[in-house]
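A.B. asks: Next input, structure requested:
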Amino acid sequence: MNEVMNQISWHVESLKRLFKYADFFSMQQQIYPGGRTCQELMNHIVLIPEADYLLSQGASQEEISQFNRYWAKELTSTEMLEARLDLSFSILKDAYKELEPEELASKTTSYWGTTYNQKEWLLVILSHLSHHRSQLYSFLKTEGVQMDITLFE
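C.D. replies: Residues are numbered from 1 along each chain as shown. This next block holds a predicted model:
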């Protein structure tokens, strides 16, 4: 599990570097026609570690919607986004530190019907972060932002 947490940590740090490249204008733009704005994407990204952990614990669709609505109002600056991402990751790390081996093997079904054990959920969180990190990176590149960012070690 430490190896996966290390990769998530690396993603978190690279996301915080990416956030610094998003300016006010780009934050208001849709990342693709009809999609989220850059601000909405970044708000989503910072909640992924905690929200996906909540999903792994059986959170309902309504609980996740309420969680996202609450934080959407609070995340209004790059500094707040970075701090919230750190908090979200910290909550995830602390939760996994407490899990016993049999708990890691226990399976949970999401509200949409997917069933994973806790190890698999951690991999889902990693791939979810990676997916949206790539979206943000690609969006900023198409906006003409020059970045010195490495997406992989």
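A.B. asks: Residue 148 belongs to a helix, doesn't it?
C.D. replies: No. Under DSSP: H, G, I helix; E, B strand; the rest coil, residue 148 falls outside any helix and is assigned coil.
A.B. asks: so how many other residues sit close to it?
C.D. replies: Neighbour count for residue 148, taken as other Cβ atoms under 10 Å: 6. (Each C-beta comes from the backbone N, C-alpha and C, glycine too.)
A.B. asks: And for residue 95?
C.D. replies: Here the count is done by other Cβ under 10 Å, and residue 95 has 16 residues near it.
A.B. asks: now the one 10 residues further on
C.D. replies: The burial metric for residue 105, expressed as a neighbour count using other Cβ under 10 Å, is 11.
A.B. asks: roughly how far apart are the closest residue to it other than its chain neighbours and residue 124?
C.D. replies: Take residue 105 and drop its neighbours on the chain: the residue closest to it by Cβ to Cβ, 6 or more residues apart in numbering is residue 117, 5.3 Å away. Applying Cβ to Cβ, to the nearest Å, the value for residue 117 to residue 124 is 11 Å.
A.B. asks: Looking at the two, which is more packed in?
C.D. replies: Higher neighbour count among residue 117 and residue 124: residue 124, with 17 against 14, using other Cβ under 10 Å.
A.B. asks: What segments of this structure are helices?
C.D. replies: With DSSP state H as the criterion, the chain has helices at 2-19, 24-28, 38-56, 61-74, 78-97, 101-105, 118-142.
A.B. asks: Turn these into CSV, columns for mean pLDDT.
C.D. replies: Supplementary listing: those in CSV, determined by pLDDT from 0 to 100:
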stretch, mean pLDDT
helix 2-19, 93
helix 24-28, 83
helix 38-56, 95
helix 61-74, 89
helix 78-97, 94
helix 101-105, 90
helix 118-142, 95
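A.B. asks: before we move on, the earlier item: any shared contact partners between residue 117 and residue 124?
C.D. replies: Counting by Cβ atoms under 8 Å, 6 or more residues apart in numbering, residue 117 and residue 124 have no contacts in common.
A.B. asks: picking up where we left off before, so which of the helices of the chain gets nearest residue 148?
C.D. replies: The closest of the helices of the chain to residue 148 is helix 2-19. By Cβ to Cβ, the value is 8.5 Å.
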